[in-house]
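**Student:** The following block contains a protein sequence and its predicted model.
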Amino acid sequence: MNNRIVILTQWFDPEPTFKGLLFAKKLEERGFEVEVVTGYPNYPGGRLYDGYKLHLYKKDIVDGIKVHRVYLYPSHDSSKIRRIMNYSSFALSALFFCLFFLKRPKALYVYHPPLTTGVVASIVSKIRRIPFVYDIQDLWPDTLKSTGMISSEKVLAWVGRVAHYVYKSATSIVVLSEGFKQLLINRGVDPNKISVIYNWADERYIKPAAKENYCLGSTFNVLYAGNFGKAQDLSVLVEAAELLKDKGCIKITLIGNGQEKYKLNQLVKEKRLSNIEILDSVPVSEISSYLSSADALFVHLKSDPLFTVTIPGKTQAYLAVGKPIIMGVEGCAAELIDLSGGGVLVKSSDHLLLWKVFLSWRLWMRSS
């Protein structure tokens, strides 16, 4: 009996991803034989990880899971041409491998973004008659427009038609929120093939903060950990830090990588801020200690209709740590925090409000 599941994803461990090694191991525990088709790790910095070299193909065994790595052009900066090269190179390599070298599985589990992985799955599914589950973590073309990567309405419309073709081709679709589901239904996707499965935290590494880590020191520490992209609009933290620079009792720390990191570092230098620190990303196995040492954890996306239906993946990790959350995202994510009682809500991209929240919440936490 064929019980092989192949996960097709451009991002896989050691890269940060929601449906990576942990997901593969859980499928294995359920009796499936799991293989992965992916690229060489370079996300989110766009540089190949230490210990890896580019080849046309390389087979790895990662914690017992067979991983097929195919060639891609490493890049994740603001250049549209290089980003297209990154997506298209992986798509072409994965398509060639899946059509001619991959042993036929029972099903494909396809991780989106980017949309090009879905295009590959649609072609492979049609030619080789393999059903596939399409896991949508990021809606296209909405994200392309929201982040400014593509502004041409004609191109966005074309991407939308390609996306709809992939949705139609998929056997089943998984989305991360009810808002995503309703958007797809509004666009003509069959609701019977859409399932809402919320993301989770990797509890192998993300642990609840120990009691001693709840004791505030002389400084109120706010931490952001994740991607530094246009959608995150983290300049709002720099602007808030500027207002707080005479308040030596508040420190803001950002941990991660991404296309906006250089710009953020330059802003901090130009404003001569000592109350905000920007650190490189750390392995998932180490991030829990940073989260536990903070007094509050920050989530933010710029104001945009798309982001009202998404839930940033770090939300679940922050909740698992058990530290208070400052949520600067409207819609589904805000509802989750409000329902859980896990933090406070602020308006997106409002540094004046953020400044007031940092000050007032620090005073409230110290008096409680």
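**Tutor:** Done, it's in. None of the values given here were measured: they were computed from a predicted structure.

**Student:** Please enumerate the strands of the stretch 1-150 of the chain.
**Tutor:** Using DSSP state E, counting those that start in this stretch, the strands of the stretch 1-150 of the chain run over residues 4-8, 33-38, 57-62, 65-70, 107-112, 132-136.

**Student:** which one of the ones you listed lies closest to residue 357?
**Tutor:** Within these, the stretch nearest residue 357 is strand 132-136; the backing value is 32.1 Å (Cβ to Cβ). All C-beta atoms are positioned from the backbone trio N, CA, C, and that covers glycine.

**Student:** Let's test this: mean pLDDT of the closest one, rounded?
**Tutor:** Model confidence over strand 132-136, given as mean pLDDT, is 97.

**Student:** ok and it relative to strand 4-8, angle-wise?
**Tutor:** Note on geometry: by axes from the mean of the first three to the mean of the last three Cα atoms, to 10 degrees, strand 132-136 and strand 4-8 are set 40 degrees apart in direction.

**Student:** what's next to strand 132-136, contact-wise?
**Tutor:** By Cβ atoms under 8 Å, 6 or more residues apart in numbering, the list of residues contacting strand 132-136 from outside reads 8, 19, 107-112, 118, 121-122, 124-125, 166-167, 169-176, 180, 184.

**Student:** In it, which residues are buried?
**Tutor:** Within strand 132-136, the residues scored as buried using 16 or more other Cβ atoms under 10 Å are 132, 133, 134, 135, 136.

**Student:** beta partners for the first one?
**Tutor:** This means residue 132. With beta bridges defined as DSSP bridges, residue 132 has these partners: residue 108.

**Student:** Check the gap between it and residue 16 for me.
**Tutor:** Relative to residue 16, residue 132 is positioned 23 Å away (criterion: Cβ to Cβ, to the nearest Å).

**Student:** The second one too?
**Tutor:** Applying Cβ to Cβ, the value for residue 133 to residue 16 is 21 Å.

**Student:** Keep only those of the contacts of strand 132-136 that are in helices.
**Tutor:** Using DSSP state H to define helices, the subset of the contacts of strand 132-136 located there is 118, 121, 122, 124, 125, 166, 167, 169, 180, 184.

**Student:** Save those residues as JSON lines, and put in pLDDT and neighbour count too.
**Tutor:** Formatted as JSON lines, these follow (pLDDT from 0 to 100; neighbours: other Cβ atoms under 10 Å):
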{"residue": "118", "pLDDT": "97", "neighbour count": "27"}
{"residue": "121", "pLDDT": "98", "neighbour count": "29"}
{"residue": "122", "pLDDT": "98", "neighbour count": "20"}
{"residue": "124", "pLDDT": "98", "neighbour count": "24"}
{"residue": "125", "pLDDT": "97", "neighbour count": "21"}
{"residue": "166", "pLDDT": "97", "neighbour count": "24"}
{"residue": "167", "pLDDT": "96", "neighbour count": "20"}
{"residue": "169", "pLDDT": "97", "neighbour count": "17"}
{"residue": "180", "pLDDT": "93", "neighbour count": "23"}
{"residue": "184", "pLDDT": "96", "neighbour count": "21"}
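
**Student:** If anything else comes up later, I'll come back, but that's it for now.
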